[in-house]
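*Asks:* no sequence on this one, just coordinates:
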């Protein structure tokens, strides 16, 4: 159970949370702090309200969220904010944030990138056939932003699962399945690097499995087995 008192002690006066005590507030630690407060039953606390209001003040005109105030561009953190429970008062405009998330795809999904790779004679990965999510607009899709975006859209879909939401969730999950490493788990991005098979990591495999929950089949079974091995090796 998260220590809500300690979390609240780390909160800045502006309502957000820093990566380290005494530093400026950032979007990512603020989202994680709010998730932890909600998990400890403090979703309605004054600290949660202040943190939620901090996020609302920093939502961009395009509906997205940037890592911190000096950064002008919205990024993957928009999906993280959408994962906050509705019990947390105030917060970002979810409809605008969801619209931003739905509009994002990996750079490799575009026809221009595919044409460039073809002209260079670079063989594309199978995963390039599916639309994942990048860390920031215009970049390639990666495991964690894709998994979090799938979870965020699925959360929205519990209230109203329309065709667009369903399609993007399916595309994201297809991307994740295609990006599994040879051991069945996930790493941060490509299944190969410099001609060698990439190894999976415990944290990315765990996030990937969260996004694939409710799915079954041999691919998922291998990913679960890989996660169990990683857990045993770590502990």
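*Replies:* Okay, I see it. Everything quoted here is computed from the prediction, not taken from an experiment. Numbering: from 1, shown residues only.

*Asks:* alpha carbons only for contacts and neighbour counts from here, please
*Replies:* Will do.

*Asks:* if I pick the residue most central in space within the chain, what's in contact with it?
*Replies:* With distances taken as Cα atoms, centre = their mean, the chain has residue 148 as the residue nearest its mean C-alpha position (2.7 Å). Going by Cα atoms under 8 Å, 6 or more residues apart in numbering, residue 148 touches 79-80, 207, 211.

*Asks:* Check which helix or strand it maps to.
*Replies:* Using DSSP states H and E, residue 148 sits in helix 143-157.

*Asks:* Report the mean confidence score over that helix.
*Replies:* Mean pLDDT, computed over helix 143-157, is 96.

*Asks:* same deal with stretch 200-209?
*Replies:* On average, stretch 200-209 scores 92.

*Asks:* So residue 197 is in contact with residue 180, correct?
*Replies:* No: under the criterion of Cα atoms under 8 Å, residue 197 is not in contact with residue 180, lying 10.6 Å apart.

*Asks:* joint contacts of these two?
*Replies:* Joint contacts of residue 197 and residue 180 (Cα under 8 Å, 6+ apart) are residue 191.

*Asks:* So between these two, which is more surrounded?
*Replies:* When residue 197 is set against residue 180 and neighbours are counted by other Cα atoms under 10 Å, the residue ahead is residue 180, at 27 against 13.

*Asks:* is it fair to say that one lies in a strand?
*Replies:* No: going by DSSP: H, G, I helix; E, B strand; the rest coil, the assignment for residue 180 is coil, not a strand.

*Asks:* what's the distance between it and residue 168?
*Replies:* 19 Å (Cα to Cα, to the nearest Å).

*Asks:* do the same with residue 214
*Replies:* 16 Å.

*Asks:* between those two, who's got more neighbours?
*Replies:* For residue 214 versus residue 168, the count of surrounding residues by other Cα under 10 Å is larger for residue 168: 22 against 8.

*Asks:* Now the more buried one. Its backbone dihedrals?
*Replies:* phi -70, psi -40 (degrees, to the nearest 10).

*Asks:* right, and it touches residue 104 too?
*Replies:* No: in this structure residue 168 lies outside contact range of residue 104 using Cα under 8 Å: 10.1 Å.
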